[in-house]
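[1] the sequence and its predicted three-dimensional model are supplied below.
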Amino acid sequence: MSQNTSSAVMQQRSEPHDSLDDFPTQPWATRALCEHVLAGCYLKNKTAWEPACNRGHMSAPLLEYFGAVWASDIHDYCTPGSFQHDFLFPVMPLSESPDWIISNPPFRLAEQFIARAREIATEGVAMIVRTSFLEGVGRYENLFSKNPPSIVAQFSERVPMVKGRLTATGSTATSYCWLVWIKGVSTTKLIWIPPCRKKLERAEDYAAYREAAA
């Protein structure tokens, strides 16, 4: 029997309840956020926290734009400069609140991550999620109707995320967008992130990952 590769099936990223949801974020996708979505936020003078840092694929490019970046994860991936911490645990591990919290949250905990991040960040929150995250009656009632994002930034090209590894050659049928909450902004603006992978992708992104995974 042939595999069903319809987009409806391929977009199902179902993970076990106790899964670490290890889908590394392409570094160029984080650069796209900083250059095409947060370009006017004067990031060089700001701090950021990446609370689901995995092996540092997002926190490393964030450091190219922010003045300081903290990185943590519930699992110890031995990522240089990071610390182990359960982001949903009520104790604040930092001595000060960051300006921004930016992450690729575990899908089944995304709503909780967003709520917790909005409590802590002093300026804004940005989460990369599957575009299908915008759907759902329960999510609308619990999240979007009460706290709509300030910006929905849809990628115009696909961001390949492959379980357990960062890849320069992978493909995906899943579309992604950045959801951004900015303090004091209660209306939602929809924008498209233009094709930018070729401009923002760097060979050393994958070399660094191979070294970290070795």
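    All right, it came through fine.
[2] quick check: Asp22 touching Cys53?
    No. Between Asp22 and Cys53 there is no contact under Cβ atoms under 8 Å: 11.8 Å. In short, each C-beta sits where N, CA and C put it, glycine included.
[3] with neighbour numbers in mind, choose between the two.
    For the pair Asp22 and Cys53, the greater number of neighbours falls to Cys53 (27 against 16), based on other Cβ atoms under 10 Å.
[4] and the pLDDT at that one?
    Predicted confidence (pLDDT) for Cys53: 93.
[5] from memory it sits against Ser72, does it?
    Yes. Distance between Cys53 and Ser72: 6.1 Å, which falls inside the contact criterion (Cβ under 8 Å).
[6] list the residues that contact both of the two?
    Residues touching both Cys53 and Ser72 by Cβ atoms under 8 Å, 6 or more residues apart in numbering: Ser82.
[7] which stretches of this protein form helices?
    Applying DSSP state H to the chain gives helices spanning 7-10, 27-32, 59-62, 110-120, 137-139, 197-200, 203-213.
[8] buried residues in the fourth one, which are they?
    Same thing as helix 110-120. Neighbour-count burial for helix 110-120, counted by 16 or more other Cβ atoms under 10 Å, picks out 110-111, 113-114, 116-117.
[9] residues contacting Glu157?
    195-197.
[10] hmm, back to that, which single one of the buried residues of helix 110-120 is nearest to Ser145?
    Among the buried residues of helix 110-120, Glu111 lies closest to Ser145 (Cβ to Cβ), at 12.7 Å.
[11] now do the contacts for that closest one.
    By Cβ under 8 Å, 6+ apart, the neighbours of Glu111 are 139, 142-143.
[12] need the per-residue pLDDT for it.
    Predicted confidence (pLDDT) for Glu111: 97.
[13] what of the one 5 residues further on?
    Per-residue confidence at Arg116 stands at 97 (pLDDT).
[14] that one is in contact with Leu88, isn't it?
    Yes. Using Cβ under 8 Å, Arg116 is in contact with Leu88, at 5.9 Å.
[15] surely Ala168 meets Arg202?
    No. In this structure Ala168 lies outside contact range of Arg202 using Cβ under 8 Å: 10.0 Å.
[16] distance of Gly124 relative to Glu141?
    24 Å (Cβ to Cβ, to the nearest Å).
[17] so these two - more neighbours on which side?
    Per other Cβ under 10 Å, whichever of Gly124 and Glu141 has more neighbours is Gly124, with 24 against 10.
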